[in-house]
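Trainee: Sequence first, predicted model second:
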Amino acid sequence: MEVGRCRRLAVAPMMDWTDSHFRNFARVLSRHTLLYSEMVTTGALIHGDRERFLRYEPAEHPLALQLGGSDPAELARCAQMGADWGYDEINLNVGCPSDRVQNGRFGACLMAEPALVADCVAAMKAAVAIPVTVKSRIGIDERDSYEELVAFTQAVAAAGCDALIVHARKAWLQGLSPRENREVPPLRWDWVIRLKRDFPALPMVLNGGVTHLDQVEGLVSEQQVDGVMIGREAYQKPWLLANVDRRLFAAENPVSTPQQALAAYIPYVERQLADGVPLASMTRHLLGLFHGCPGAKAWRRMLSEQAHRPGAGIEVLKAAAAQVRLKAQDRELADA
């Protein structure tokens, strides 16, 4: 499926969360949702273990690589690496407000330099044939007027940006933690919707505060935006993704129950275990699979307590799943 259509729903890039293990699990639940890598800095790709940061499994497509940086030449070089590795999209992070990111002169602080962001986009566009996109905020600090957001958008659109993903909150670069910056500044969906009206030719994706597929369907079907990006809600309650293909892409859902999803993921876990990957590296992404179901607490407890033990294997997952089945049977008997 063409990557632009897959922007109807995307899972946000999240440090320490959206690694390859999570993405393979997400792909069990939805074939068409656009997935993103964790942010990778240009320095890490140019000077570090390139394979470690870029490797992924073919099943993860459609897949975007998010880059952090502010040097146009370095970003162009890294975008080319991503294209060579087969990523479907290159995304520039202009939204992260953490101190570490600011100290490297990238992330949300770049919203104060729209001309530089435009240069970065233009350099990456010249280097690759795949889409180049930008993920931003609606503003930073006191630079938070709608007019300034428009000026930023005009700059990146003129540079050839293929889509703008807008976290509908401003960011405070000082005084708020990254977590507080996700929760304290007011949500302004209306600004993103208005921005789409003002830039109808630029694909626009809304990020921030979306927790239900009903919201996604409303925003997309009414053409208020071209797509929606969901972050922690999709990670902590991953079953949310299981109805995406039917509701947003007119395709069959890959699985119909959390138990089927687990069964479909187990072969991947077994391959990774055979390669020496610790079980906990994968099970940490599964804690929310049975959210709201009988046995969810027992599932989380067993994985949390058992998966970290030396030599833990697939039997831990199977035993935890058995606990869920027992709790479900108990509930059925109680309701009979």
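Mentor: Ah, there it is.

Trainee: can we go C-alpha only for contacts and neighbour counts from here?
Mentor: OK.

Trainee: For His285, report the pLDDT, please.
Mentor: According to the prediction, His285 has pLDDT 98.

Trainee: cool, Ala328 as well?
Mentor: 67.

Trainee: Touching, Glu38 and His21? I think so.
Mentor: No: counting by CA atoms under 8 Å, Glu38 sits too far from His21 to count as a contact (11.7 Å).

Trainee: what's the spatially closest residue to Arg137 that is not a sequence neighbour in contact with, if anything?
Mentor: What sits nearest to Arg137 in space, not counting adjacent residues and going by CA to CA, 6 or more residues apart in numbering, is His167, at 4.8 Å. Shown in contact with His167 (CA atoms under 8 Å, 6 or more residues apart in numbering): 95, 135-138, 206-208.

Trainee: Mind telling me what element the closest residue to Val255 other than its chain neighbours is part of?
Mentor: Closest residue to Val255 apart from its sequence neighbours, by CA to CA, 6+ apart: Ala261 at 5.9 Å. Secondary structure from DSSP states H and E places Ala261 in helix 258-274.

Trainee: that older thread, against Gly231, how distant is the residue nearest to Arg137?
Mentor: Using CA to CA, to the nearest Å, His167 is found at 11 Å from Gly231.

Trainee: Overlap of the contact sets of these two?
Mentor: Gly208.

Trainee: related to what we said a few turns ago, the residue nearest to Val255 and Leu29 touch, don't they?
Mentor: Yes: using CA under 8 Å, Ala261 is in contact with Leu29, at 6.6 Å.

Trainee: Quick check: neighbours shared by those two?
Mentor: Taking CA under 8 Å, 6+ apart as the criterion, Ala261 and Leu29 both touch Val255.

Trainee: which of these two has more neighbours?
Mentor: Just comparing Ala261 and Leu29: by other CA atoms under 10 Å the higher neighbour count belongs to Leu29, 29 against 20.

Trainee: With adjacent residues omitted, what lies nearest to that one?
Mentor: Ala242 (4.7 Å).

Trainee: Show the contacting residues for that neighbour.
Mentor: By CA under 8 Å, 6+ apart, the contact list for Ala242 reads 29-30, 253-256.

Trainee: Which pair of these spans the longest distance?
Mentor: Pairwise distances across the contacts of Ala242 (CA to CA) peak at 11.0 Å, for the pair Ser30 and Ser256.

Trainee: So which of those two has more stuff around it?
Mentor: Taking neighbours as other CA under 10 Å, Ser30 and Ser256 compare with Ser30 leading, 23 against 13.
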